[in-house]
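mind looking at a prediction? Sequence and model below.
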Amino acid sequence: MSDLPQYGRNSFEEGGTESDHPSIRSLTFDAEERAYVARFDNSDALPSTIVVSVITEITGQSLTDLRPLYHVVDPDALDQIVGNRPSGLHHSERLVEFTYQDFNIRLLSSGVIKVCLPST
């Protein structure tokens, strides 16, 4: 029996239900790391939007139930740092890490978000 908190769905694939965010390609749970890992297309959606979408998918909460993201991180700065950029001299992986809704969020410019469960 698992002592993990029960959240919404623990996995979905592209083309799921109507409530799924179209830019999220997959969302899986890694039990060993106690983290959800989502892959997304950062050329289709803003990273700040992806963060909120992934949290609603994990928790089953609506957008109105969540604390506004701007209370913990500047969404415009997040989008500029992690958002899609054309390849060139400054094309390197970027990482932003912060806490939102009691989850530790790790957002990579390569289109990966890792949402670690709160410590118990």
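Yep, that arrived. Numbers count the residues shown, from 1 in each chain.

could you use CA atoms for every contact and neighbour count after this?
Fine.

which residues of this structure fall in helices?
47-59, 75-82 (DSSP state H).

same question for the last one, mean pLDDT?
Mean pLDDT, computed over helix 75-82, is 93.

off-centre distance for it?
In this view, helix 75-82 has its centroid 14 Å away from the chain centroid, taken as CA atoms, centre = their mean, to the nearest Å.

could you pull out the strands in this protein for me?
Under the criterion DSSP state E, the chain contains strands at 12-13, 24-30, 35-40, 95-100, 103-108, 112-116.

list the contacts of the residue nearest the centre of the chain.
When the chain is reduced to its mean C-alpha position, the nearest residue by CA atoms, centre = their mean turns out to be Val51, at 3.8 Å. For Val51, the residues meeting the contact criterion (CA atoms under 8 Å, 6 or more residues apart in numbering) are Ile113.

kindly report the same for the one 10 residues further on.
Counting by CA under 8 Å, 6+ apart, Gln61 makes contact with Ile55.

give me the distance between the two termini of stretch 82-101.
With CA to CA, to the nearest Å applied, stretch 82-101 spans 20 Å between its terminal residues.

one more: stretch 55-73?
15 Å.

on that earlier part again, turn the helices of the chain into TSV, columns for distance to Ala38.
Formatted as TSV, these follow (distance: least, CA to CA, whole Å):
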stretch	distance to Ala38
helix 47-59	7
helix 75-82	15
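
deepest of the ones you listed, which one?
Between the helices of the chain, helix 47-59 has the highest mean count of neighbours, a mean of 21, where neighbours are mean count of other CA atoms under 10 Å.

just how off-centre is that helix within its chain?
For helix 47-59 - counting by CA atoms, centre = their mean - the centre lies 5 Å from the chain centre.

same check, this time on stretch 23-41
On CA atoms, centre = their mean, the centre of stretch 23-41 falls 8 Å from the chain's centre.

so which bits of it are buried?
Taking 16 or more other CA atoms under 10 Å as the neighbour-count basis, stretch 23-41 is seen to contain the buried residues 23-29, 35-41.

of the helices of the chain, which approaches Val96 most closely?
Each of these was checked against Val96 via CA to CA, and the shortest separation belongs to helix 75-82, namely 7.3 Å.
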